[in-house]
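One predicted model, sequence on top.
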Amino acid sequence: MKNFSELLATDQRVRVRLDIDGEHTCQINGINSHDLYVELRGDIIIEVRSAPYGSAKIRSLTLDDFEIVPNWTHMAEYLDDAGRSETTTYLDNNGIWRLSIPGPFYQWKHRITGQGWLFYQNTK
């Protein structure tokens, strides 16, 4: 049985999970992984690269069960050797797909979903 202080404990990490088909490399904050916990308050940078002369398809990306792919794919950057830069989850021609979340994840999430601020600033 958990004691009172354990019940109040908040996980200080965010789980990042990717499901990708094809030949690729994947990094979450510079670490090669498809499933990783990152610090709750830090920046999150997710980068997927298709293999040279190969292709990859990002099937899903979730951060603490919040679906980025397919729902928020337009928040990512994509560029390939052919000079294409578009909203996509299909990578070819040495494609690089990158999602950058500056600062705390939940502040970013509330901003992009239009849910307002998580805290109020005292203006006095």
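Okay, I see it.

ok, the lengthiest strand in the chain: who's next to it in the sheet?
Counting by DSSP state E, the longest strand found in the chain is strand 13-22. Sheet pairing of strand 13-22 (DSSP bridges) gives strand 35-39 (antiparallel), strand 56-63 (antiparallel).

Which residues does the helix or strand Glu47 falls within contact?
Per DSSP states H and E: Glu47 is located in strand 44-50. With Cβ atoms under 8 Å, 6 or more residues apart in numbering as the test, strand 44-50 has contacts from 14, 16, 18, 20, 22-30, 38, 56, 58, 61, 63, 80, 91-101, 105. For the C-beta atoms, the positions are set from N, CA and C on the backbone; glycine is no exception.

With stretch 58-76 instead?
The contact list for stretch 58-76 (Cβ under 8 Å, 6+ apart) reads 14-21, 44, 46, 48, 87-91, 97-99, 101, 105, 109, 112.

what about the strands in this structure?
13-22, 24-28, 31-32, 35-39, 44-50, 56-63, 66-69, 77-79, 90-91, 96-101.

mind saving the C-alpha coords of the longest one as PDB?
Spelled out, it's strand 13-22. Taking Å, rounded to 0.1, in the frame of the first residue of the first chain, the C-alpha atoms of strand 13-22 are listed here in PDB:
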ATOM      1  CA  ARG A  13       9.100  12.800 -16.900                       C
ATOM      2  CA  VAL A  14       7.200  12.700 -20.200                       C
ATOM      3  CA  ARG A  15       7.100   9.400 -22.200                       C
ATOM      4  CA  VAL A  16       7.900   9.800 -25.900                       C
ATOM      5  CA  ARG A  17       6.900   6.900 -28.100                       C
ATOM      6  CA  LEU A  18       7.300   6.500 -31.900                       C
ATOM      7  CA  ASP A  19       6.000   3.800 -34.300                       C
ATOM      8  CA  ILE A  20       7.900   3.900 -37.600                       C
ATOM      9  CA  ASP A  21       8.000   1.600 -40.600                       C
ATOM     10  CA  GLY A  22      11.000   1.400 -43.000                       C
END
